[in-house]
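Colleague: Provided below are the primary sequence and the corresponding predicted coordinates.
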Amino acid sequence: MSSLSLSVQIWSFADVLRGDYKQSVYGRVTFPFTVLRQIDSVLVRTKGAVLAEYTQQLAGGINP
């Protein structure tokens, strides 16, 4: 597959995913989700410890 046809295919997928959003608005819709995904990626290493602390706080009668 040539890079040109791959590029065309990627943009056609983007058009399908964009749906009813205008191209000028799409960035404002996707940017928050991009930021949330980045935060999730950064925090994944500490998720277990955070959940353990949450459980411990609940068991101690503290509403976190």
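Modeller: Thanks, I have the structure now.
Colleague: what about Lys47, distance to Leu6?
Modeller: Here Lys47 is placed at a distance of 35 Å from Leu6 (CB to CB, to the nearest Å). Heads up, the C-betas are built off the backbone N, CA and C, glycines and all.
Colleague: ok, now Arg45?
Modeller: Taking CB to CB as the criterion, Arg45 is separated from Leu6 by 34 Å.
Colleague: what's the average pLDDT for the top helix by length along the chain?
Modeller: Across the chain, the helix with the greatest residue count (assigned by DSSP state H) is helix 23-43. The average pLDDT within helix 23-43 is 86.
Colleague: what lies in contact with it?
Modeller: Residues from elsewhere that reach helix 23-43, judged by CB atoms under 8 Å, 6 or more residues apart in numbering: Arg18, Tyr21, Val50.
Colleague: quick check, central residue of this protein?
Modeller: Centroid check for the chain by CA atoms, centre = their mean gives Arg37 as the closest residue, at 3.0 Å.
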